[in-house]
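In: take this sequence and fold it.
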Amino acid sequence: MSGEPTGQAGAGQQYTNQHDEGAHRETTTSPAHSDPQLAPGAVLDHGRYRLLAKIGWDSRCNAQLWRAKDGVLGRDVALTVVVGDRADAEQAGNARRTLERAMHASTFNHVGVARVLDVVHTSPNDPESVLGIVVAEWTHGSDLGELISDGPLSPGAAARLLQPLAGAVEAAHHAGLVLGIDHPQRVRVTASGEIRLAFPGPMPRASSGDDVRGLGAVLYLLLTARWPLAGTPEGISSAPADSDGNAVAPRTLRPAVPMELSTVATRALGSPEYHGTTGGVRTGAAVLRVLEQYAQQEAESTAAHAATGGGDPAARGEVWSREDPKPDPGRRRKLALSVSVLAVLTVVVLGWIAVRVLGMFLGPTESSGPPVVLNPDERGSTSRETSEAAPEPRPVSVSDADVFVTERDRDHRDEVDRVHDGDPATHWQTDRYNDQLGTGFKNGIGIILTLDDPAELTKVDITSPSPGTEVEIRAASDTSPSLSEAEVIGSGELDEGTTSIPVEADESTSHVLVWITKLSTEDGYSSQIDEIEPFGTPPPA
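Out: You can find the predicted model right below:
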């Protein structure tokens, strides 16, 4: 695999080529990490690799990041060149450890990581400062600095672009590997708009926690255009710190950032491994889960907006479009069909109006029959049949209640019976969280009610002072069902006071689960419920 992009054409490919050509011109380095023996045109590993352009510098492990040409296979490659003093035992040992870890990763294949092609130890003709080289396939596209040069990305675009890298971290950790993604110049954006590790070669003592911190840092950079870790490279601004020396939350710098993305970035940076705090994000899976959830929500919102023909492409996060929008033939056909249908309906309505007007002047025709009037007995019979067919819903008595969760502890379980005691002055309340449900605490929390008698429910009234709480009404067979077995029969968002949530139940049930999917934000992240009253009809005798 050479790393050449496939299926890229038009303006997107032109944009990629411009960036790649620009990379050839990035040869200016600061005195702190310049090396006269490593310059464009120099060759390494017995003359096989010719240096083309210096892409970056990871000062933490003395690694220079180069784009080079493989003279044997005639393709561009990415070189992570570890430099130092060969006579220094510590530097030489660290370089060997980096090469060993890169060698272990050579069998790892993932779209979020450039494949390691070779690991080269020192060669006789290499400069004295070279301690080893990690060779990887070249990633066409741009670096993160170019991506944010015009400002931070939209939250949806940031979530979508970062998913492949987060997936790579999770897969690598399951395989017992550490990638080393906690440096912005090691990461690039592909021509198809995906972020990947372009320069493999983790530091000697890097851990899985460093990868998670790196994910948080890259997400922070995309959302704020600032780098939150130490060693910020040239051309990128550093994130401001709070009184404890930690980077401030992305939402503080940019209020438009959703709370979920801001929180996961901050917690990934402040994991317990580094700051001794609780509740930090420790795995790539935790970051990936939030990215997928938000990217899906953003995609659904964008699709709904696009269906109406509105919206600014930049606001929707379409950062890769470089052409004016083209007419959509399918949309034109639908518009023409709609106009035709509207015209037919207009003719029909005008014809009906004309007939009515003529009827007013001509009077009733002979063919008109006498009106049909039901006698009183028939009317009463019909009314009774309708009443018997649809009995009036009535309150359904509740005999027991319990807190229902799929994981961890049950919030204030000893107070849950208050939701059916008939007294609105008493209540049950969730714990107060620092974040919404579903981003690291619980998938949700709910209350399961046991009915005195099975009933076919028609609505559930919930009295609560916590507006914004979102709930699902589910039918269950017992007090401990799996969530997938409890069928959703209704849903809604609570207002302050009593909210009636209509439900559609195909059959009677003996247990009702009120499942909270989103907490109110009136007082932190917490919801209070005063009363729950189900309504329904008894099953037929």
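In: I'd like to know how far D70 sits from Q528.
Out: D70 sits 65 Å away from Q528, going by CB to CB, to the nearest Å. Where C-beta positions appear, they are placed from N, C-alpha and C, glycine not excepted.
In: higher neighbour count, these two?
Out: Set D70 next to Q528 and count neighbours by other CB atoms under 10 Å: D70 wins out with 20 against 17.
In: run through the residues that contact that one.
Out: Residues in contact with D70, defined by CB atoms under 8 Å, 6 or more residues apart in numbering, are R48, Y49, D76, V77, V135.
In: N109 now?
Out: Listed by CB under 8 Å, 6+ apart, the contact partners of N109 are R115.
In: got any ranges where the stretch 401-541 of the chain has weak pLDDT?
Out: Low-confidence segments of the stretch 401-541 of the chain, defined by pLDDT under 70: 407-409, 437-443, 538-541.
In: okay, now the domains of this structure?
Out: 10-297, 394-537 (automatic domain parsing).
In: need these in TSV with distance to L345, can you?
Out: Formatted as TSV, these follow (distance: least, CB to CB, whole Å):
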stretch	distance to L345
domain 10-297	37
domain 394-537	32
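In: could you single out the most deeply buried of those?
Out: Most buried of the domains of the chain by mean neighbour count (mean count of other CB atoms under 10 Å) is domain 10-297; its value is a mean of 19.
In: so how far is it off the chain centroid?
Out: Remark: domain 10-297 is offset 21 Å from the chain centroid, using CA atoms, centre = their mean, to the nearest Å.
In: quick check: mean pLDDT across that domain?
Out: Mean per-residue pLDDT for domain 10-297: 83.
In: got it, and stretch 353-367?
Out: 64.
In: now the helices for the stretch 1-150 of the chain?
Out: Per DSSP state H, counting those that start in this stretch, the stretch 1-150 of the chain carries helices over the ranges 10-24, 89-104, 144-147.
In: and the longest one, what does it pack onto?
Out: In terms of contact count using 3 or more CB pairs under 8 Å, 6 or more residues apart in numbering; DSSP states H and E, helix 89-104 is assigned the packing partners strand 75-83, strand 116-120, strand 130-137.
In: contacts only, for the closest residue to T139 other than its chain neighbours.
Out: Nearest non-adjacent residue to T139, counting by CB to CB, 6 or more residues apart in numbering: A198, 4.0 Å away. Residues in contact with A198 (CB under 8 Å, 6+ apart) are A78, A114, A136, W138, T139, R186, V187, R188.
In: go with 10 Å
Out: Contacts for A198 (CB atoms under 10 Å, 6 or more residues apart in numbering) come out as 3, 55-56, 65, 67, 78, 80, 113-114, 136-141, 143, 181, 185-190.
In: which ones among those residues map onto strands?
Out: Among the contacts of A198, the members falling in strands (DSSP state E) are 55-56, 65, 67, 78, 80, 136-137, 141, 143, 187-190.
In: can I get the residues you listed in JSON lines including distance to G216?
Out: Output for these, formatted as JSON lines (distance: CB to CB, whole Å):
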{"residue": "I55", "distance to G216": "23"}
{"residue": "G56", "distance to G216": "20"}
{"residue": "L65", "distance to G216": "21"}
{"residue": "R67", "distance to G216": "27"}
{"residue": "A78", "distance to G216": "24"}
{"residue": "T80", "distance to G216": "22"}
{"residue": "A136", "distance to G216": "24"}
{"residue": "E137", "distance to G216": "26"}
{"residue": "G141", "distance to G216": "22"}
{"residue": "D143", "distance to G216": "19"}
{"residue": "V187", "distance to G216": "13"}
{"residue": "R188", "distance to G216": "19"}
{"residue": "V189", "distance to G216": "18"}
{"residue": "T190", "distance to G216": "21"}
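In: just those residues now: which is nearest T266?
Out: V187 (19.5 Å; CB to CB).
In: partner strands of the strand or helix carrying W515, with direction?
Out: Using DSSP states H and E, W515 sits within strand 509-518. Note on strand 509-518: by DSSP bridges, its sheet partners are strand 445-464 (antiparallel), strand 470-476 (antiparallel).
In: redo those strands as JSON lines? Include distance to A158.
Out: Output for the strands paired with strand 509-518, formatted as JSON lines (distance: least, CB to CB, whole Å):
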{"stretch": "strand 445-464", "distance to A158": "29"}
{"stretch": "strand 470-476", "distance to A158": "25"}
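In: what about the residue lying closest to G71 once chain neighbours are set aside, distance to D126?
Out: In space, and not counting its chain neighbours, G71 is closest to R48: 5.4 Å by CB to CB, 6+ apart. With the distance defined as CB to CB, R48 ends up 11 Å from D126.
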